[in-house]
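[1] Structure here, sequence nowhere to be found:
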């Protein structure tokens with residue numbers, strides 16, 4: 001067995017792992033990344049990036065169909081789904097190629113294979129044994145099984161849903177969280193007959209209730225048959241279709257997509273041999289610097305607690321290697337990490353919902369305005385979007401923010417930044433915003449929370 005030594009070995013080349021490796025190299029560490037699949041991990045190859053590429057195609061199609069509202073007359077558009085998928089592949093290859101280029105630029109060694117921790121604290125990859133002062137576990141997540149439903153045939157997960165060879169005539173999605181709503185929104189607008197099922201009482205059930213209601217109405221307007229408080233049973237996958245029962249009714253579609261959650265990908269890591277235990281929900285327990293119970297071993301991303309988001313994994317990777325390098329780091333505050341869902345309408349949020357803030361005992365103040373309150377909402381043809389701020393009355397603290405509508409996923413960042421810089425809604429209310437922009441809706445929501453809404 002060949003023994004090799006590095007300063008840092010990262011297991012997994014997804015957005016957490018590759019960012020950790022680049023930062024480690026910047027800090028002067030001899031760094032290797034072990035990846036059993038493709039550079040970029042799930043996010044770049046089969047999840048976040050492919051999803052947004054397909055969603056962007058649906059967005060463009062919607063804009064063309066709505067062009068008449070802006071005085072632009074065009075013929076009825078058609079969908080070349082093969083071209084949509086070809087562009088998807090080009091986007092993926094461009095970005096994964098970029099990561100490979102960054103590895104070369106930073107002199108990071110990429111090792112292909114399955115990595116397993118040993119009792120001695122090394123990493124075994126085939127016939128090679130790698131030792132390092134710092135080992136970062138960044139293997140991401142796997143789909144969780146659904147009781148009573150098996151993957152296979154016409155029953156697929158989210159990864160397969162973003163890579164259909166042909167545009168489905170009909171598709172059903174189980175799970176109306178971020179992934180499920182994105183899939184439903186994309187395929188409904190591209191022309192598939194689409195069903196969306198959620199066992200809880202509303203779509204995007206972890207978002208603020210006001211936001212969920214608007215999203216539910218928006219999805220229904222796209223022609224999606226939305227069924228909340230509904231489970232599916234008696235799933236039968238055939239050669240060309242899949243059937244099931246929902247609320248006593250028989251449904252048959254081309255594909256059934258299971259979008260009901262994922263769990264940490266730890267099975268092949270050899271955690272027991274390395275003396276690393278699992279905590280709640282099978283996650284690896286870490287401290288605020290991402291250190292596991294084994295000295296020199298760190299864990300990040302979907303392997304640890306907190307929201308399963310690519311940007312959260314990236315930041316944790318930076319914290320881990322900076323800690324290993326002896327730099328001073330600060331733990332992430334999970335509730336302040338921005339969340340984004342790219343269905344139509346867009347949804348973005350951070351912090352507490354109104355219900356959570358009240359349950360926590362805060363003296364809650366709400367600032368809420370529709371996009372239609374500012375000029376840009378009418379200009380862009382989206383008067384129904386809203387900005388909702390959750391504040392604490394006495395100190396003016398910004399406890400949370402929730403946006404639904406055009407460009408919500410970009411607009412949220414201003415409020416995340418204000419919170420990070422220890423500002424509150426009163427400060428946002430006094431910051432000059434450009435006119436006419438959608439960001440003025442953020443300004444007006446802050447003024448509403450502060451008691452002096454102008455446009456409303």
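    Yep, it's here. The structure displayed is predicted, hence computed values, not measured ones. Residues are numbered from 1 along each chain as shown.
[2] who's residue 340 bridged to?
    Per DSSP bridges, the residues bridged to residue 340 are residue 348.
[3] Now do the contacts for it.
    346, 347, 348, 408, 409, 412 (Cβ atoms under 8 Å, 6 or more residues apart in numbering). The C-beta positions use only the backbone N, C-alpha and C, and glycine is treated the same way.
[4] Point out where the chain drops to low pLDDT.
    1 (pLDDT under 70).
[5] hey, where'd the strands end up in the stretch 101-250 of the chain?
    Assignment of strands within the stretch 101-250 of the chain using DSSP state E, counting those that start in this stretch yields the ranges 109-112, 115-117, 123-125, 128-137, 141-143, 155-157, 170-174, 193-198, 225-228, 232-237, 242-246, 249-253.
[6] Adding distance to residue 63 and mean neighbour count, write those out as TSV.
    Below are the strands of the stretch 101-250 of the chain laid out as TSV (distance: least, Cβ to Cβ, whole Å; neighbours: other Cβ atoms under 10 Å):
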stretch	distance to residue 63	mean neighbour count
strand 109-112	39	17
strand 115-117	44	22
strand 123-125	47	22
strand 128-137	41	22
strand 141-143	33	17
strand 155-157	29	21
strand 170-174	22	25
strand 193-198	19	24
strand 225-228	23	19
strand 232-237	33	16
strand 242-246	32	18
strand 249-253	27	14
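[7] Make a markdown table out of the contacts of residue 340 and add distance to residue 445.
    What follows is the contacts of residue 340, written out as a markdown table (distance: Cβ to Cβ, whole Å):
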| residue | distance to residue 445 |
| --- | --- |
| 346 | 16 |
| 347 | 15 |
| 348 | 13 |
| 408 | 12 |
| 409 | 17 |
| 412 | 12 |
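[8] By neighbour count, which of these wins?
    Comparing these by number of neighbours (other Cβ atoms under 10 Å), residue 347 comes first, having 30 neighbours.
[9] From residue 257, how far out is residue 52?
    Distance, residue 52 to residue 257, using Cβ to Cβ, to the nearest Å: 17 Å.
[10] returning to what we had before: dump the strands of the stretch 101-250 of the chain into TSV; add distance to residue 299 as well.
    Output for these, formatted as TSV (distance: least, Cβ to Cβ, whole Å):
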stretch	distance to residue 299
strand 109-112	19
strand 115-117	11
strand 123-125	14
strand 128-137	4
strand 141-143	13
strand 155-157	24
strand 170-174	30
strand 193-198	31
strand 225-228	35
strand 232-237	34
strand 242-246	37
strand 249-253	39
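[11] Which among the ones you listed is found nearest to residue 326?
    Closest of the strands of the stretch 101-250 of the chain to residue 326 is strand 128-137, at 10.6 Å (criterion: Cβ to Cβ).
[12] tell me what the closest one is packed against?
    With contacts defined as 3 or more Cβ pairs under 8 Å, 6 or more residues apart in numbering; DSSP states H and E, strand 128-137 has these neighbours: strand 2-11, helix 15-26, strand 31-35, strand 123-125, strand 297-299, helix 310-324.
[13] what's the angle between that strand and strand 2-11?
    Between the axes of strand 128-137 and strand 2-11, defined by axes from the mean of the first three to the mean of the last three Cα atoms, to 10 degrees, the angle is 20 degrees.
[14] How far does strand 128-137 sit from its chain's centre?
    Relative to its parent chain, strand 128-137 has a centroid offset of 28 Å by Cα atoms, centre = their mean, to the nearest Å.
[15] In the sheet, which strands lie alongside that strand, parallel or antiparallel?
    Strand 128-137 is paired, per DSSP bridges, with strand 2-11 (parallel), strand 123-125 (antiparallel), strand 297-299 (parallel).
[16] can you count the residues close to residue 248?
    With other Cβ under 10 Å as criterion, residue 248 counts 6.
[17] before we move on, back to that, quick one, which of residue 52 and residue 257 is more surrounded?
    residue 257 (30 against 19).
[18] any chance of the strands paired with strand 128-137 in JSON lines, plus distance to residue 361?
    Shown next, in JSON lines, are the strands paired with strand 128-137 (distance: least, Cβ to Cβ, whole Å):
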{"stretch": "strand 2-11", "distance to residue 361": "42"}
{"stretch": "strand 123-125", "distance to residue 361": "47"}
{"stretch": "strand 297-299", "distance to residue 361": "33"}
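[19] so can I have a markdown table of the helices and strands packed on strand 128-137 showing distance to residue 112?
    As requested, these are exported to a markdown table (distance: least, Cβ to Cβ, whole Å):
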| stretch | distance to residue 112 |
| --- | --- |
| strand 2-11 | 12 |
| helix 15-26 | 14 |
| strand 31-35 | 7 |
| strand 123-125 | 8 |
| strand 297-299 | 22 |
| helix 310-324 | 20 |
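[20] Please work out which of the ones you listed is packed deepest.
    strand 297-299 (a mean of 29; mean count of other Cβ atoms under 10 Å).
[21] List the contacts of that one.
    The contact list for strand 297-299 (Cβ under 8 Å, 6+ apart) reads 117, 121, 134-138, 274, 276, 284, 286, 289-292, 320-321, 323-324.
[22] quick one, helices of the stretch 351-456 of the chain?
    Chain-ordered helices for the stretch 351-456 of the chain, with DSSP state H, counting those that start in this stretch as the definition, fall at 354-359, 375-379, 408-420, 425-430, 439-450.
[23] do you know which of these lies nearest residue 110?
    Residue 110 sits nearest to helix 408-420 of all these, at 31.1 Å, using Cβ to Cβ.
[24] helices or strands up against the closest one?
    Using 3+ Cβ pairs under 8 Å, 6+ apart as the contact test, the elements touching helix 408-420 are strand 339-341, strand 347-351, strand 397-404, helix 425-430, helix 439-450.
[25] which stretch among these comes nearest residue 61?
    That would be strand 339-341 among the helices and strands packed on helix 408-420, by Cβ to Cβ, at 19.1 Å.
[26] what's the distance between the closest one and the middle of its chain?
    Relative to its chain's centre, strand 339-341 lies at 6 Å (Cα atoms, centre = their mean).
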